[in-house]
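>>> one predicted model, sequence on top.
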Amino acid sequence: MSPEQFSAAVLDWYDRNGRKDLPWQLEPTPYRVWVSEIMLQQTQVGTVIPYYLRFMQRFPDVAALAAADQDQVLHYWSGLGYYARARHLHAAAQQLVAVSDGLFPDTLDAVMALPGVGRSTAGAILSLACAQRHPILDGNAKRVLARFHAVDGWPGQAAVQARLWQLAGTHTPHARVAHYTQAIMDLGATLCTRGRPNCAQCPVQAGCAAHGSGRQADFPAPRPARTLPVRTVTLLLLGNQAGELLLERRPPSGIWGGLWSFPELDADTDIVDWCARRLGISVQHTEHWPVMRHTFSHFHLDITPVLAQADVPAGRIMDEGLRVWYNPGQADERGLAAPVAKLVGQYLNREHGRAGNDENRAMRKTG
């Protein structure tokens, strides 16, 4: 099967089976496609769609995104993970407004110069939004090409990646580039899947080397096995007399960079002593909650939540800008990491349960 036959078969399949009603396809401006491509990095379409719709409603164009506070951007990203993507998106929007009055660049090098944009993402944006001919090599395209050509090795290796880029360029047609770009991503996402590829329905199975040799599971080669290390941490859920929780802004880099979180302590920290020394607050009692595990790409994080009641009234803010008393019952545009948001929800459920029990006891007494 020649490259021309390959692209023709993929496009014919796309015309009959491809996805054509994704939110960013309905009005494929460079901005809308850019946001979608950043969200789709390491995240599946089904997960991205509701986040994308909320994000675009709040930040409908480059100017709106650039004018927003980082807190607001991270708030609408909370739960998607890989938060550096949101920080880079925000920084790039501000860069575009400052340099080009919000106009999106139309050359590959200029798009790749934006924070958080690599070659494949830049190619996808220009292909899908501007119909420019650029190959892409996201995870789906890598899998299709690695199987079709039986490319040995893990795609993270430089030589393997270079070979896949060469193949991607060869197979990308000169006509209907936007449709082909979407088509090869759809093919990898819906038929040429990682676990159980549906070769019977594949439009290019007749020329697929992996299918012909019955070795679909061998391509692409997986990342070399590794054991993820485990880190432990204590997160302090410090509440005041108004039912507010103390949050701290995390450093701009590292895990949950720029997000708000509970104070992070070593596992053997004396909570009462720490609150007295670091915050000047006396703590009445503490309560340890069950350990919860959160997994990152490179390690597991075992979190021990500790609830503590502070003898401090509402409204007292320490180190404004770095710490804040947060009312969990009133949503605001503040970015919270997924485990933090989960703990906030558990705290609210606990408080509502206590309030209900107090009300039942009062009714029994009056009854």
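Great, that's in hand.

>>> thinking P305 is in contact with L235, fair?
Yes: P305 is within contact range of L235, at 5.2 Å (criterion: C-beta atoms under 8 Å). Using the backbone N, CA and C atoms, a C-beta is placed for each residue, glycine as well.

>>> now do the shared contacts for the two.
When contacts are counted by C-beta atoms under 8 Å, 6 or more residues apart in numbering, P305 and L235 are jointly contacted by F262, L343.

>>> what about the strands in the stretch 201-350 of the chain?
Residue ranges of the strands in the stretch 201-350 of the chain, as given by DSSP state E, counting those that start in this stretch, are 230-239, 245-249, 260-261, 264-265, 283-288, 292-295, 300-310, 323-326.

>>> who wins for proximity to D109 among the ones you listed?
Nearest of the strands of the stretch 201-350 of the chain to D109, taken as C-beta to C-beta: strand 245-249 at 34.9 Å.

>>> what's in contact with that closest one?
236-240, 258-264, 279, 310, 321-326, 328, 334, 340, 344, 347.

>>> drop anything exposed from these.
236-240, 258-263, 279, 310, 323-326, 328, 334, 340, 344, 347 (16 or more other C-beta atoms under 10 Å).

>>> can you count the residues close to D266?
Counted by other C-beta atoms under 10 Å, the residues lying close to D266 total 9.

>>> and the gap between it and V291?
15 Å (C-beta to C-beta, to the nearest Å).

>>> just H75 next, same as before
Separation of H75 from V291 (C-beta to C-beta) stands at 27 Å.

>>> with neighbour numbers in mind, choose between these two.
Counted by other C-beta under 10 Å, H75 and V291 do not tie: H75 has more neighbours, with 21 against 11.

>>> toward the C-terminus, what is the element adjacent to the helix or strand where the more buried one lies?
If you go by DSSP states H and E, H75 is part of helix 70-77. Next in sequence after helix 70-77, counting helices and strands by DSSP H and E, comes helix 84-100.

>>> ok and that following helix relative to helix 70-77, angle-wise?
130 degrees (axes from the mean of the first three to the mean of the last three C-alpha atoms, to 10 degrees).

>>> and helix 84-100, average pLDDT?
Here helix 84-100 scores 96 as its mean pLDDT.

>>> and for that helix, what's in contact with it?
Outside helix 84-100, the residues that touch it by C-beta under 8 Å, 6+ apart are 34-35, 38-39, 41, 62-63, 65-66, 68, 70, 73-74, 77, 80, 102-105, 114-117, 252, 257-258, 335.

>>> and the buried ones among those, selectable in ChimeraX?
Buried residues among those (16+ other C-beta under 10 Å), as a ChimeraX selection:
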select :34,35,38,39,41,62,65,66,68,70,73,74,77,80,102,104,105,114,116,117,257,258,335
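
>>> for V73, which non-adjacent residue is spatially closest?
Closest residue to V73 apart from its sequence neighbours, by C-beta to C-beta, 6 or more residues apart in numbering: H90 at 4.6 Å.

>>> where's the one you found relative to Y51, distance?
Distance of H90 to Y51, given as C-beta to C-beta: 15 Å.

>>> which residue, other than its chain neighbours, is closest to E244?
Nearest residue to E244 in three dimensions, chain neighbours excluded: W325, at 4.0 Å (C-beta to C-beta, 6+ apart).

>>> so what's H352 scoring on pLDDT?
70.

>>> is it true that N140 touches L187?
Yes: between N140 and L187 there is a contact at 7.1 Å, judged by C-beta under 8 Å.

>>> which one's more surrounded, the two?
Taking other C-beta under 10 Å, N140 and L187 do not tie; L187 has more neighbours (25 against 21).

>>> doesn't that one fall inside a helix?
Yes: counting by DSSP: H, G, I helix; E, B strand; the rest coil, L187 falls inside a helix.

>>> surely it meets V144?
Yes: using C-beta under 8 Å, L187 is in contact with V144, at 5.6 Å.

>>> tell me where the stretch 251-367 of the chain has helices.
271-274, 338-366 (DSSP state H, counting those that start in this stretch).

>>> list the buried residues for the first one?
For helix 271-274, the neighbour count (16+ other C-beta under 10 Å) marks I271, W274 as buried.

>>> just the residues contacting it, thanks.
Here helix 271-274 has contacts from T234, L236, L265, S282, V283, T286, V306, A308, using C-beta under 8 Å, 6+ apart.

>>> contact partners for the closest residue to the first one other than its chain neighbours?
Of all residues not flanking T234 in the chain, L265 sits nearest, at 4.4 Å (C-beta to C-beta, 6+ apart). Applying C-beta under 8 Å, 6+ apart to L265 gives the contacts V233, T234, L235, L236, I271, W274.

>>> tell me the pLDDT of L265.
94.

>>> G315 now?
So, for G315, pLDDT stands at 54.

>>> over to the one 3 residues further on?
M318 is assigned a predicted lDDT (pLDDT) of 55.

>>> next: R361.
At R361, pLDDT is 49.

>>> same check, this time on R226
85.

>>> over to T366?
With respect to pLDDT, T366 has a value of 52.

>>> OK, contacts around the nearest residue to D12 once chain neighbours are set aside?
Counting by C-beta to C-beta, 6+ apart, P203 is the residue found nearest to D12 once chain neighbours are left out, at 6.5 Å. P203 makes contact with A9, V10, D12, W13, L187 under the criterion C-beta under 8 Å, 6+ apart.

>>> I am finished for the moment; much appreciated.
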